[in-house]
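> With the input below, show me the fold.
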Amino acid sequence: MKKMVFVFFVLVVSFSTALAMETTFSPRVAVTEEYTDNVDLTSENGQEDFITTSGVGAALGFRGATAELSLAYNPEYAAYKNNSDLNSWRHFASMDAHWQIARQTHLRLNDSLMVSDDPADESETSIDRRGRNRYMRNSAHGEISHQFGREDSVELGYDYTLLNNQLEDVEDSQSERPYADLVWWFSQNEYAFQAHLDHTRSVFDRSDNFRSWFGDFRLRKRFTRHFDMFLQYAHMVTVYDKDPYAEDIAVVEDYVVYNPGVGFNYVAGEHTNISVAVGYALRDREFSEDDEGPTIISDLTTVIPYRRGTITLNANSGYTQDTFSSDNRGFNVYAAAGARAEYGFTSRFLGDVAAGYHFIRYLDEDPKVNEQLVSAGPGLSYQALPWMRFRLEYTYRVLLSDEPENEYAENRAMISMILEPSSPYRWN
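Numbering: from 1, shown residues only. Sure, this is the predicted structure:
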């Protein structure tokens with residue numbers, strides 16, 4: 001821990017003294033009263049509770065001609081009305097850094113740390129977390145990219161994730177993933193070769209560790225400035241350590257995935273990016289019967305602005321090996337979609353509504369298990385003063401599963417008061 005603090009201190013001092021930077025500072029105070037009718041996300045006899053959270057945080061930034069660094073820390077204390085034994089501090093910290101090493105070469109680093117007992121704080125990472133188990137997740141990412149043509153680029157990166165749970169019967173894990181990306185346009189920028197390679201190493205405290213190698217290769221043909229089509233081949237190899245003392249729910253097997261396909265990319269400015277690949281995959285398993293079937297690998301993001309608000313849509317689908325959830329559930333296919341609309345009734349009074357859907361099919365469990373997480377809810381924000389705003393929101397979440405004991409439904413409502421300046425304090 002002392003080494004981390006020292007490195008953090010050196011990083012801040014280096015950015016602030018070696019470069020002529022603008023410094024920004026933004027304090028923050030927040031108090032929230034929350035109601036839930038199913039505090040432990042149980043399938044039956046959900047217990048209601050009122051949770052009061054209060055915290056003081058701050059964001060600190062440094063920005064110069066070729067580099068910038070931002071730091072944020074927002075601790076909060078959660079007090080439960082009906083479950084006072086769960087009272088505890090939650091911690092949310094982040095770091096983002098960017099350095100333009102040369103005109104076309106960039107280095108980016110970011111890290112986020114979360115210590116919480118609220119399963120909703122991890123809903124984007126693990127849909128099957130439930131209960132008020134206190135956990136810590138640290139996610140770090142680093143990349144260096146170089147653009148060697150108008151649209152040609154190469155990138156090397158590294159991802160690291162650490163998950164620790166307070167309960168001994170919940171899976172702890174750590175995962176590291178170095179990767180490389182290449183996009184090279186040739187033949188007068190009419191054709192492109194695109195490649196992605198990565199290697200994942202995941203370590204678990206209760207189940208078998210594994211290594212996974214993945215490669216995705218595409219030959220692209222451009223038809224217009226914004227539209228191109230491609231031929232694709234993806235290959236995945238996963239090998240388990242097979243610890244005889246591991247507590248796997250199912251017997252693990254090595255496997256190889258073969259996945260040819262075709263697809264298209266459509267990019268219309270910075271607000272719309274659509275990529276879809278349709279193919280057929282065969283998963284050659286070590287002992288069991290092979291899995292095979294059609295695949296859709298997709299990634300869609302679009303932002304539709306209008307006079308007093310925006311609509312944001314996103315969707316993605318594919319397959320992956322579970323590397324960072326609270327349960328090591330193996331190979332799975334997934335699909336997710338989300339939508340959010342925002343509307344400004346006045347300059348101070350804003351409304352929004354959001355909905356999300358996440359489907360996962362776990363193919364390594366016997367029998368195979370399908371789970372679906374659905375969430376939706378509206379929100380209202382009121383800017384009472386330049387440094388004071390209020391937030392009222394409601395969320396309904398339901399998890400549907402082939403295993404009835406995993407299902408739950410929750411109604412959650414909260415009202416918040418946030419004190420922070422409309423713009424940060426600045427020093428040159």
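> low-scoring stretches of the stretch 1-150 of the chain, by residue?
1-20, 123-126 (pLDDT under 70).
> Show me where it has its helices.
2-18 (DSSP state H, counting those that start in this stretch).
> Can you tell me how far Tyr233 is from Arg285?
As judged by Cβ to Cβ, to the nearest Å, Tyr233 and Arg285 stand 20 Å apart. All C-beta spots, glycine's among them, are computed from the backbone N, C-alpha and C.
> hang on, I meant Tyr158
Tyr158 is 30 Å from Arg285, by Cβ to Cβ.
> how would you label Phe287: helix, strand or coil?
Here Phe287 is recorded as coil under DSSP: H, G, I helix; E, B strand; the rest coil.
> from memory it sits against Glu253, does it?
Yes - shown here, Phe287 and Glu253 form a contact pair, counting by Cβ atoms under 8 Å, at 5.4 Å.
> More neighbours: those two, which one.
Glu253 (17 against 9; other Cβ atoms under 10 Å).
> Tell me the pLDDT of that one.
On pLDDT, Glu253 comes in at 88.
> How about the contacts made by it?
240, 285-288, 364 (Cβ atoms under 8 Å, 6 or more residues apart in numbering).
> In TSV, list those along with distance to Ala72 and pLDDT.
Shown next, in TSV, are the contacts of Glu253 (distance: Cβ to Cβ, whole Å; pLDDT from 0 to 100):
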residue	distance to Ala72	pLDDT
Tyr240	38	91
Arg285	44	92
Glu286	45	89
Phe287	48	86
Ser288	46	86
Asp364	38	87
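> Would you write a PyMOL line that selects the buried entries of the residues you listed?
Listed next is the PyMOL selection for buried residues among those, using 16 or more other Cβ atoms under 10 Å:
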select buried, resi 240+285+364
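> Could you identify the most distant pair in the contacts of Glu253?
Using Cβ to Cβ, the pair of the contacts of Glu253 lying farthest apart is Tyr240 and Ser288, separated by 13.5 Å.
> which residues are contacting stretch 216-229?
Residues contacting stretch 216-229 (Cβ under 8 Å, 6+ apart): 185, 189-196, 230-234, 262-268.
> Repeat that for stretch 357-372.
Outside stretch 357-372, the residues that touch it by Cβ under 8 Å, 6+ apart are 127-128, 249-250, 252-253, 283, 291, 329-338, 373-374, 399-403, 406.
> all strands for the stretch 51-200 of the chain, in order.
Taking DSSP state E, counting those that start in this stretch, the strands of the stretch 51-200 of the chain run over residues 67-73, 76-80, 88-102, 105-116, 135-147, 153-165, 173-186, 191-204.
> what separates Thr302 from Lys221, distance-wise?
Distance from Thr302 to Lys221, by Cβ to Cβ: 23 Å.
> Mind checking which of the two has more residues around it?
Thr302 (16 against 13).
> Was I right to think that one contacts Thr310?
No - with contacts counted by Cβ under 8 Å, Thr302 stays clear of Thr310, the gap being 10.4 Å.
> Leaving out chain neighbours, which residue sits closest to His271?
Sequence neighbours aside, Val303 is the residue nearest to His271 in space, at 4.2 Å (criterion: Cβ to Cβ, 6 or more residues apart in numbering).
> cool, Ala277 as well?
What sits nearest to Ala277 in space, not counting adjacent residues and going by Cβ to Cβ, 6+ apart, is Gly263, at 3.2 Å.
> Provide a list of residues in contact with that neighbour.
Taking Cβ under 8 Å, 6+ apart, one finds 218, 229-230, 232, 275-279, 297 in contact with Gly263.
> Same check on Arg177?
158-160, 198-201, 323.
> Please name the bridge partners of Glu143.
Following DSSP bridges, Glu143 is listed with bridge partners Arg108, Gly157.
> try Tyr362
Here Tyr362 shows beta-bridge partners Asn332, Val369, assigned using DSSP bridges.
> State the pLDDT value of it.
Looking at Tyr362, its pLDDT is 91.
> Count the neighbours of it for me.
Tyr362 has 24 nearby residues by other Cβ under 10 Å.
> what about it, distance to Gly131?
20 Å.
> if we take the contacts of Arg177, which one ends up nearest to Thr346?
Of all the contacts of Arg177, the one with the least separation from Thr346 (Cβ to Cβ) is Asp159, at 42.4 Å.
> Check the secondary structure at the residue nearest to Ala277 for me.
Per three-state DSSP, Gly263 ends up strand.
> For the stretch 201-350 of the chain, which residues score under the pLDDT cut-off?
Using pLDDT under 70, the stretch 201-350 of the chain drops low at 243-251, 323-327.
> Start from the N-terminal end of it and give the strands.
210-222, 227-240, 255-268, 272-285, 291-306, 309-321, 331-344, 349-362.
> And those strands: which comes nearest Ser54?
Using Cβ to Cβ, the strands of the stretch 201-350 of the chain put strand 349-362 closest to Ser54, at 23.5 Å.
> And the closest one, what's buried?
Quick answer for strand 349-362 (16+ other Cβ under 10 Å): 350, 352, 354, 356, 358-362.
> Format the strands of the stretch 51-200 of the chain as CSV; extra columns: distance to Pro378.
Shown next, in CSV, are the strands of the stretch 51-200 of the chain (distance: least, Cβ to Cβ, whole Å):
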stretch, distance to Pro378
strand 67-73, 27
strand 76-80, 24
strand 88-102, 24
strand 105-116, 24
strand 135-147, 28
strand 153-165, 32
strand 173-186, 35
strand 191-204, 38
